[in-house]
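In: Okay, here's the prediction I keep looking at, along with the sequence it came from:
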Amino acid sequence: MDKPLACIEISSDSIKLLIGYELGGNACVLYTKEKEIPGCIEDGKIVDMANLVKGLEEFHTITDDVAKLKINIAEACLVLPSLGLQVYQNNKTTNVVSPEGLIAKVDIANVVSLVNKEAVPDGNEILDIIPDEFVLDKGQRFANPPIGEKSNSLTIRAKVHALPHETVYQYKSALNQAGYRLKKTCVAAYCYSELFKSYKDLPQSYVLVDIGAKLTTVSLIGAGSPYASLFFAKGGDHLTQEIADSFTILPAEAKKLKEDYGYDERKISFDPPICSGSDAAGNPCSFFQKDLNAIMLSYLEDYESLLSNAIAQLLGKYGAKFDSLPLVLTGGGSKLNGLLPLLSKSFPKREIHLVIPRSIGARDPRYASLLGLVLASSGYTGSLEDNFKGVVAVSRQNVKGKDANNPGDDVL
């Protein structure tokens, strides 16, 4: 069991924190917390850094009297959005430093450093280097760093995750300004793929559809690894606003209607109104499930068109062989009642999986990427953070100890 990790995600509408650890290949949850940050993020870009930093600072000290929990967080792992994600394959070889030909940590650092030095196009920045395998001079292959094995050379075959420089800089800067040491950063699509690999009943190759509050991100996952992502500006908040405008009610009321009722075509003998509002002329009136269904159908017609275009663009260069690739839905917007059968009609050739996380304490799709980050951060995967430190440790673990100023508190 690894020591607990503090994992943070900054999304369009909120900051989410999950404290957990890996056990037997599964993510175990100790604590979760969420704080809304209206107006801080637009189209994945930070537009109000001051208020975002202020919100992040509130996560330094976690106090829960019911759970008798108090934790001070100084170090955190961060999920970055998949917006603009580019994935490159890279192979590099280095000579082993030891005269005896025994592979040491310095050789792992050297070969990963060769990959890191390679320029990536279009102003992107390398976020992480994920080894597929390490190969020795006699052809032996290892999934993990072959420390202590004998070889004159060491080859790494790795996937390089790159994001636009501005995105990486903004999000890392927010954590740094809020006073956190940044332990590891991973792109959201990779975090999802790491979590879903641990669910043996899910496909390993699929189209990932992450439905957020204001954006939907569509990613190609092949054999459990992300290959490409794109996004469009349509999410759960847009449906909330359409309901609010149609019924002339507050967005908070519209959000509750969306979450409580969703799309429901069941015929029932007793059909009470679901809310009171105003019609187009401003006259008070009552609205029923059929009225909510009509709004949702109109919304989903536009949404399905955008999603179909995004999938076609994402998979276009691969030809017809991926026409039946399954869809895996995640994100807060995927919880919408009635979404699955409606999307099934639009994508009859594809299996559709709606994934609810299986970790006790975070059984909500909004926390799926953070659960994946726990798994991604719990073992050596070639992260740049470790390489900057000279690969001093193969496993990544937070240090849990006592704060000198408050000996009774745990420190992450």
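Out: Looks like it came in fine. Note that the structure is predicted; figures quoted are calculated from it, not measured. Residues are numbered from 1 along each chain as shown.

In: how about the helix or strand hosting residue 91: buried residues?
Out: Element membership of residue 91 [criterion: DSSP states H and E] is strand 86-95. In terms of neighbour count (16 or more other CB atoms under 10 Å), strand 86-95 has its buried residues at 86-88, 90, 92, 94. The way it works is simple: take the backbone N, C-alpha and C, and place the C-beta from them, glycine included.

In: Name the surrounding residues that touch that strand.
Out: Outside strand 86-95, the residues within contact range by CB atoms under 8 Å, 6 or more residues apart in numbering are 107, 110-111, 114-115, 118, 120, 122, 124, 129, 152-163, 225-228.

In: Which members of those occur in strands, if any?
Out: For the contacts of strand 86-95, membership in strands holds for 124, 129, 153-163, 225-228, with DSSP state E as the criterion.

In: rewinding a little: of the buried residues of strand 86-95, which is the nearest to residue 183?
Out: residue 87 (22.4 Å; CB to CB).

In: And that closest one, how far from residue 45?
Out: Counting by CB to CB, to the nearest Å, the separation of residue 87 from residue 45 is 21 Å.

In: before we move on, back to that, just the buried members of the contacts of strand 86-95?
Out: Applying 16+ other CB under 10 Å to those, the neighbour count classes 107, 110-111, 115, 120, 124, 129, 153-163, 225-228 as buried.

In: the bottom helix or strand of this structure by mean pLDDT?
Out: Of the helices and strands making up the chain, the lowest-confidence element is strand 401-403, at a mean of 40, by mean pLDDT, DSSP states H and E.

In: Look up phi and psi at residue 200.
Out: The main-chain torsion angles of residue 200 are listed as degrees, to the nearest 10 and equal phi -70, psi -10.

In: gap between the strand holding residue 91 and the chain center?
Out: The gap between the average C-alpha position of strand 86-95 and the chain average comes to 24 Å, counting by CA atoms, centre = their mean, to the nearest Å.

In: Tell me what angle that strand forms with strand 153-164.
Out: Comparing the axes of strand 86-95 and strand 153-164 via axes from the mean of the first three to the mean of the last three CA atoms, to 10 degrees yields an angle of 150 degrees.

In: Give me the average confidence score over strand 86-95.
Out: For strand 86-95, the mean pLDDT works out to 95.

In: helix or strand for residue 79, which one?
Out: Counting by DSSP H and E, the secondary-structure element that holds residue 79 is strand 75-80.

In: Describe which strands that strand pairs with in its sheet and in which direction.
Out: Strand pairing for strand 75-80, using DSSP bridges, gives strand 5-10 (parallel), strand 181-187 (parallel).

In: Which elements pack onto the following helix or strand past the longest one?
Out: Same thing as strand 181-187. Moving toward the C-terminus from strand 181-187, the first helix or strand encountered (DSSP H and E) is helix 188-197. Identification of packing neighbours for helix 188-197 by 3 or more CB pairs under 8 Å, 6 or more residues apart in numbering; DSSP states H and E yields strand 75-80, strand 206-211, strand 216-222, strand 225-232, helix 368-377.

In: just the angle between helix 188-197 and strand 206-211, please?
Out: Helix 188-197 and strand 206-211 meet at an angle of 120 degrees, taking the same axes, to 10 degrees as the criterion.

In: Would you indicate which residues of helix 188-197 are buried?
Out: Residues 188-197 are the ones in helix 188-197 that count as buried (16+ other CB under 10 Å).

In: Looking at those residues, which one is closest to residue 220?
Out: Comparing these against residue 220 with CB to CB picks out residue 189 as the nearest, at 8.8 Å.

In: That concludes my questions; thank you for your assistance.
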